[in-house]
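[1] sequence and predicted structure are below.
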Amino acid sequence: MYVYLYDNFLRQKKFDAEIRNVEVRLTDYGIAGKILRLTNYTDAKQIIDDEIKRGAKTVVIVGNDHTFGHVLSRAATCECVFGFLPIGPENTIAEVLGVPVGVSACDVLARRRREKLDIGWMNNRYFVSRLQVKAAAVRVIYDSKFSVAANDLMEVVVCNLQPFYWKRDRDDLEPRVVHPQDGKLEAFLRPLTKKRFWGYKYESPSVFPFEEMEIVGKTPFTLEADGKISKELKVKIKLAHGKIDMVVGRNRKF
Amino acid sequence: MFQKPSPSIALENEDDVNGAQMGAGGPDEVETVVGPSVNVEGDFASEGNIIVKGSVSGSVHTSRHLSVETGAKIMANVRAGGARIAGEVRGNIKVKEDLELMATARVVGDIEAKVLKIDAGALLFGKVAMPGLSNTDNKSTARSRGNLSKKGDNPILELAE
């Protein structure tokens, strides 16, 4: 049985036609199911657990990157297969998963090509796409073996599913893309150095693949994980291997 | 002009990059990069290639290639599969395959490598050992000593007498 979790933004009129087409296509394939609408205050894990008890086998997230992160940050441990129907703008994860945006995503869902995906674990919750520490005076300890610090401020970006592009220099034409099945998370550290009079400029980034890391700050720093912002003093980040059973497309980037 | 640093700057030119090749940097090409103005302390180990542009103290170990860029500083013993050094290293270097010291390299410490290439201008203070040669050299010296003892005549002793 399929359960579809619709994001709240899909109530907008401009998405009506696309949603209708998607529902028609799903009915054609015989995989239409129960539709639930998410709001900001909905606990996705509780909903999915209830539906699994009622016999749901596949939970399909309908929306964009924010919806994907919102659902899976809580519900990653649920024992079911996840699918994704990307609709609307801000769909970078769909590209990595090889799922086209719009109606044609139903074809990928119907084929049910499944892969186990790695996700990140951070202070008692999961993050799926990306974690970012805004520029702050922090120290990063990797695998309890070595520590990395900058002379001044430093920005940290940990990527899992959502791609992070960077260039070695202006002329670099080969940007790097993070793959979800590396077996490691990748941390990008960008130190900031003071300009001559005021302001800061970014130095070229450092890249460290890791399985466990700790970010420690002397003062609380701002952290954004899957779109949720919080203030932390110490964050422990780990890699959880093969936690999500996901329906992916043939054109996936891993 | 007076823009503050923000995440959007950090993720610069995403749109421009989207058009470029997506598959670059696959799992086999996992690279650790220590950027400039970054200090690493401790036992720095990696399974992939390492590029050092900043400073590292402690120890560095990789089974693959290590590249120390110009301006980089390593205050540590280094073990690597292969290495190309253009910066400063204070510590012993042990490389399984090729070691290349560029013209800007400054090395204070002993070197052990299978193949060593030193560009003109590179500074080196320390012993150099090449495993392949030391084995044959030991054998040849042992043989020569054996011959001398059999014959019973030592040229150095003769000269002394």
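    Arrived safely.

[2] scan chain A for its longest strand.
    With DSSP state E setting the assignment, residue counts place strand A:228-247 as the longest strand in chain A.

[3] the closest residue to chain A within chain B - how many residues pack around it?
    Distances between chain B and chain A by Cβ to the nearest Cβ are smallest at residue B:42, namely 3.1 Å. For the C-beta atoms, the positions are set from N, CA and C on the backbone; glycine is no exception. Around residue B:42 sit 18 other residues, with neighbours defined as other Cβ atoms under 10 Å in any protein chain shown.

[4] mind checking which helix or strand it is in?
    strand B:38-46 (DSSP states H and E).

[5] what's the mean pLDDT across the helix or strand that comes right after that strand?
    Going down the chain from strand B:38-46, the next helix or strand is strand B:49-52, by DSSP H and E. Mean pLDDT, strand B:49-52: 93.

[6] now check strand B:49-52, is it near chain A?
    No - against chain A, strand B:49-52 shows no contacts by Cβ under 8 Å from any Cβ of the partner chain, the least distance being 8.7 Å.

[7] which of the helices or strands spans the closest residue to residue A:203 other than its chain neighbours?
    Spatial nearest neighbour of residue A:203, chain neighbours left out: residue A:191 (4.7 Å); criterion: Cβ to Cβ, 6 or more residues apart in numbering or on different chains. Assigned by DSSP H and E, residue A:191 belongs to strand A:185-194.

[8] what of residue A:120?
    Secondary structure (DSSP H and E) places residue A:120 in strand A:114-122.

[9] so who does residue 71 touch?
    I went with chain A, as the question did not name one. Counting by Cβ atoms under 8 Å, 6 or more residues apart in numbering or on different chains, residue A:71 touches A:5, A:38, A:44, A:48, A:59, A:61.

[10] actually it's chain B I care about, not the one you picked
    So residue B:71 contacts B:36, B:53, B:87 (Cβ under 8 Å, 6+ apart).

[11] JSON lines for the residues you listed, including distance to chain A and neighbour count?
    As requested, the contacts of residue B:71 are exported to JSON lines (distance: Cβ to the nearest Cβ, whole Å; neighbours: other Cβ atoms under 10 Å in any protein chain shown):
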{"residue": "B:36", "distance to chain A": "6", "neighbour count": "16"}
{"residue": "B:53", "distance to chain A": "7", "neighbour count": "21"}
{"residue": "B:87", "distance to chain A": "15", "neighbour count": "21"}
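
[12] using JSON lines, lay out the residues you listed together with distance to residue A:141.
    Formatted as JSON lines, these follow (distance: Cβ to Cβ, whole Å):
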{"residue": "B:36", "distance to residue A:141": "21"}
{"residue": "B:53", "distance to residue A:141": "21"}
{"residue": "B:87", "distance to residue A:141": "24"}
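
[13] which one of these is nearest residue A:247?
    Among these, residue B:53 lies closest to residue A:247 (Cβ to Cβ), at 41.2 Å.

[14] just the pLDDT for the closest residue to residue B:72 other than its chain neighbours.
    Leaving aside its chain neighbours, residue B:72 sits nearest to residue B:87 (3.5 Å; criterion: Cβ to Cβ, 6+ apart). Residue B:87 carries a pLDDT value of 95.

[15] from memory the residue nearest to residue A:203 sits against residue A:154, does it?
    Yes - using Cβ atoms under 8 Å as the test, residue A:191 is close enough to residue A:154 to be in contact (4.9 Å).

[16] in the stretch 101-250 of chain A, what residue is nearest chain B?
    The minimum distance from the stretch 101-250 of chain A to chain B, using Cβ to the nearest Cβ, falls at residue A:146 (3.1 Å).

[17] hmm, that residue is touching residue B:39, no?
    No - assessed by Cβ under 8 Å, residue A:146 is found out of contact with residue B:39, at 10.4 Å.

[18] the more surrounded of the two?
    Using other Cβ under 10 Å as the criterion, residue A:146 and residue B:39 rank with residue A:146 on top: 21 against 17.

[19] how near is that one to residue A:140?
    9 Å (Cβ to Cβ, to the nearest Å).

[20] domain parsing for chain B?
    Domains of chain B are assigned by automatic domain parsing as B:29-129, B:131-161.

[21] averaging pLDDT over each of those, which comes out lowest?
    Per-stretch mean pLDDT for the domains of chain B is lowest at domain B:131-161 (a mean of 53).

[22] shaky segments in chain A?
    Applying pLDDT under 70 to chain A flags the ranges A:162-182.

[23] for the residue nearest the centre of it, what are its contacts?
    Centroid-nearest residue in chain A, with Cα atoms, centre = their mean: residue A:129, separated by 1.6 Å. Applying Cβ under 8 Å, 6+ apart to residue A:129 gives the contacts A:65, A:68, A:69, A:93, A:160, A:161, A:162, A:226.

[24] isn't residue A:204 right next to residue B:51, touching?
    No - between residue A:204 and residue B:51 there is no contact under Cβ under 8 Å: 10.5 Å.

[25] for the closest residue to residue A:97 other than its chain neighbours, what are its contacts?
    Spatial nearest neighbour of residue A:97, chain neighbours left out: residue A:248 (4.9 Å); criterion: Cβ to Cβ, 6+ apart. Listed by Cβ under 8 Å, 6+ apart, the contact set of residue A:248 reads A:97, A:98, A:99, A:108, A:113, A:114, A:115.
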